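> prediction below, plus the sequence it came from.
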Amino acid sequence: MMEPLFLKPVFQEKIWGGNRLNTVFGFDLPNDKIGEDWAISGHPHGESIVENGEFKGQKISQLWKNQRELFGNQSGEVFPLLTKILDAEDDLSVQVHPDDAYGMAHEGELGKTECWYIISAEPGASIVYGHNAKTREELAEMIHDEKWDQLLRRIPVKAGDFYYVPSGTMHAIGKGIMILETQQSSDTTYRVYDYDRKDDQGKLRELHIQQSIDVMTVPATTPELQIKEVKKGNSAIITYLESDFFNIYEWQIMGELNLSQTSLYTLATVIEGYGEMTVEGKTFELNAGTSFIVPNQIKDWKIAGECKIIASTPQH
């Protein structure tokens, strides 16, 4: 009997973090400066560990190496995706990520294309999403002259919004926002601007100005989303994104929803509510904050209850 792989959260302390991962999801946090829950991760900077079944206690990277059939024998050196819940108690730095070619050449790891589902946002909260420079020369000049108000594009956000953030996109999550992020498995970030704030030792955090200028998409582009919703009784499946890196869905369960494997495997995180997942007659409890992988061998399952789940699948 193959079970879903339920995963232990991995918490990351951040200068901009808070404690809402405790108040919203009930996580037992080590301190009040936790910015990220790496919910589903095979990255060495924070690896998920399986909490149940025959693979209990194993890391995703171990399963990727030794039990590749769980992932439909997908090729690749590393588990390709990473799911996080971010709590921005303060503004994140303005940053950009490289693509795969630049990331492998300069950092020895994948680039980072990502996307955000806004779980919650305080009134007036906003993100940085893109820039106003027309040429790379103008971009460099505006960065060096610190013309941030002219350079940065700020967009107000609300719960339920979705943003695709391809590599090369200037971006920042603003204060008072909680998101579910799905990204390539990379921890490479180039900081452009950090509000001149200091860390616990009174030092400015490192900036990566030249790398940022090198990898930035100029002029900025805004991807067009083709969001689709399919009703299933009182429940629904929303498709937010189908990209070269991952597909992103929201499962809205009001009562029950029958689901099936649409790719090699499926990643899922419950962002709201409560439910039960049934696989081959066996039932598993789902609470807000629960994250799991549906391995390749599970082809069909049912979720009952009232909850919202953000799911992703890899591209082959």
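That came in fine, so what should we check first? Numbers count the residues shown, from 1 in each chain.

> and the residue nearest the centre of the chain, what helix or strand is that in?
Nearest to the mean C-alpha position of the chain, by C-alpha atoms, centre = their mean, lies residue 181 at 1.9 Å. Residue 181 belongs to strand 177-184 when elements are defined using DSSP states H and E.

> immediately after that strand, which helix or strand?
Assignment by DSSP H and E places the next element after strand 177-184 at strand 190-193.

> pull up the pairing partners for that next one, direction included.
Sheet pairing here is set by DSSP bridges, and for strand 190-193 it gives strand 94-96 (antiparallel).

> could you pull up the mean pLDDT of the partner strand?
For strand 94-96, mean pLDDT rounds to 97.

> now it, how far from the centre of its chain.
Taking C-alpha atoms, centre = their mean, to the nearest Å, the mean C-alpha location of strand 94-96 is offset from the chain mean by 16 Å.

> on that earlier part again, ok, the residue nearest to the centre of the chain - contacts?
Residue 181 sits next to 83, 84, 85, 86, 114, 115, 116, 117 when contact means C-beta atoms under 8 Å, 6 or more residues apart in numbering. (Each C-beta comes from the backbone N, C-alpha and C, glycine too.)

> swap the cut-off to 6 Å and go again
84, 86, 114, 116 (C-beta atoms under 6 Å, 6 or more residues apart in numbering).

> then residue 234?
Residue 234 neighbours (C-beta under 6 Å, 6+ apart): 254, 255.

> which residues in the stretch 101-250 of the chain form helices?
136-144, 148-151, 209-215 (DSSP state H, counting those that start in this stretch).

> just to check, residue 293 is in contact with residue 7?
No. Residue 293 lies out of contact with residue 7 (C-beta atoms under 6 Å); the separation is 7.1 Å.

> run a quick neighbour tally on residue 90.
For residue 90, the count of nearby residues is 16 (other C-beta atoms under 10 Å).

> contact partners for it?
With C-beta under 6 Å, 6+ apart, residue 90 has these contacts: 16, 175.

> angles on the backbone of it, please.
Here is the backbone geometry of residue 90 (degrees, to the nearest 10): phi -140, psi 170.

> gap between it and residue 16?
4 Å (C-beta to C-beta, to the nearest Å).

> same check on residue 169?
19 Å.

> show me the strands in the stretch 201-316 of the chain, by range?
Secondary structure of the stretch 201-316 of the chain (DSSP state E, counting those that start in this stretch): strands at 228-232, 235-242, 246-260, 266-279, 282-287, 291-294, 300-314.

> which strand residues bridge the closest residue in space to residue 262 that isn't next to it in sequence?
Spatial nearest neighbour of residue 262, chain neighbours left out: residue 313 (6.0 Å); criterion: C-beta to C-beta, 6 or more residues apart in numbering. Here residue 313 sits in beta bridges with residue 247, going by DSSP bridges.

> what about residue 313, neighbour count?
Residue 313: 20 surrounding residues under other C-beta under 10 Å.

> between the helices of the stretch 101-250 of the chain, which one is nearest to residue 28?
helix 209-215 (36.3 Å; C-beta to C-beta).

> list the buried residues in the closest one.
The neighbour-count check on helix 209-215 (16 or more other C-beta atoms under 10 Å) flags 211, 212, 213, 215 as buried.

> list of residues touching that helix?
Contacts for helix 209-215 (C-beta under 6 Å, 6+ apart): 96, 98, 102, 140, 168, 190, 192.

> send the alpha carbons of that helix over as PDB?
Extracted in PDB, the C-alpha atoms of helix 209-215 (Å, rounded to 0.1, in the frame of the first residue of the first chain):
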ATOM      1  CA  ILE A 209      24.800  44.700  -7.800                       C
ATOM      2  CA  GLN A 210      26.800  43.500 -10.800                       C
ATOM      3  CA  GLN A 211      25.200  40.000 -10.800                       C
ATOM      4  CA  SER A 212      21.700  41.700 -10.600                       C
ATOM      5  CA  ILE A 213      22.400  43.900 -13.500                       C
ATOM      6  CA  ASP A 214      23.800  40.900 -15.500                       C
ATOM      7  CA  VAL A 215      20.700  38.700 -15.000                       C
END
